[in-house]
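Visitor: Have a look; sequence and predicted model below, questions after that.
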Amino acid sequence: MGAVAAVGSLVVGAYSASNSKKQGDRMAGLAGRQEDRQAYFANQLIELMKNPSSILDDPGYQLSFGQGLQAVERSSAAAGFTGSGNAAIALQSYGQSFSSKYLREQQSLLASLSGAQFNPAQAYSGNRTNEKS
């Protein structure tokens with residue numbers, strides 16, 4: 001009975017070792033793909049920081065900006081300000097605040113996805129807070 005138990009123990013041990021190696025290989029492959037993804041998002045972040053106006057080509061930006069622009073125009077029209085200086089100021093204010101907010105959100109998202117320890121969106125907002133003081 002002792003010999004059967006010893007053989008059984010060896011078989012289980014060999015199976016466990018083989019299974020552990022397979023899991024280790026699979027995890028190494030996942031880690032490699034994660035590094036590739038992080039490098040991709042890091043490159044996207046670098047390109048966005050080099051050319052912030054590229055955000056204007058983002059379909060999500062275009063859709064959201066267009067809808068917000070219509071809301072501001074409708075609100076101005078309802079208040080009787082269509083074509084006035086007040087309407088122009090409201091449109092300009094909306095455009096500037098929306099664009100900078102969307103850019104910071106994209107920078108933050110890409111920084112997070114790239115695994116960056118430095119988030120340019122947070123640094124920017126921190127600098128703006130310090131400037132107001």
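Guide: In hand now; what should we look at?
Visitor: Can you tell me the SS state at Gly83?
Guide: Counting by DSSP: H, G, I helix; E, B strand; the rest coil, the backbone at Gly83 sits in coil.
Visitor: Per-residue pLDDT of it, please?
Guide: Looking at Gly83, its pLDDT reads 82.
Visitor: Run a quick neighbour tally on it.
Guide: Residues within reach of Gly83, counting by other CB atoms under 10 Å, total 9. (C-beta placed from N, C-alpha, C; glycine too.)
Visitor: Check Ala78 too.
Guide: 9.
Visitor: do the same with Ala111
Guide: A total of 22 residues lie near Ala111 under the criterion other CB under 10 Å.
Visitor: Which neighbouring elements make contact with the helix or strand hosting it?
Guide: Per DSSP states H and E: Ala111 is located in helix 85-114. Counting contacts by 3 or more CB pairs under 8 Å, 6 or more residues apart in numbering; DSSP states H and E, the secondary-structure elements packed against helix 85-114 are helix 2-50, helix 59-78, helix 120-132.
Visitor: Go through it and flag the buried ones.
Guide: For helix 85-114, the neighbour count (16 or more other CB atoms under 10 Å) marks 87, 90, 94, 98-100, 102-104, 106-108, 110-111, 114 as buried.
Visitor: Now do that helix against helix 59-78, angle only.
Guide: Relative orientation of helix 85-114 versus helix 59-78 (axes from the mean of the first three to the mean of the last three CA atoms, to 10 degrees): 160 degrees.
Visitor: mean pLDDT lowest for which of the helices and strands packed on helix 85-114?
Guide: When the helices and strands packed on helix 85-114 are compared on average pLDDT, helix 120-132 comes out lowest at a mean of 54.
Visitor: how many other residues sit next to Ser76?
Guide: Under the neighbour criterion other CB under 10 Å, Ser76 is assigned a count of 19.
Visitor: Look up the closest residue to it, ignoring the ones flanking it.
Guide: Counting by CB to CB, 6 or more residues apart in numbering, Ser76 lies nearest to Ala87, which is 4.0 Å off, once chain neighbours are set aside.
Visitor: which ones are touching the one you found?
Guide: Each residue near Ala87 by CB atoms under 8 Å, 6 or more residues apart in numbering is listed here: 73, 76, 81.
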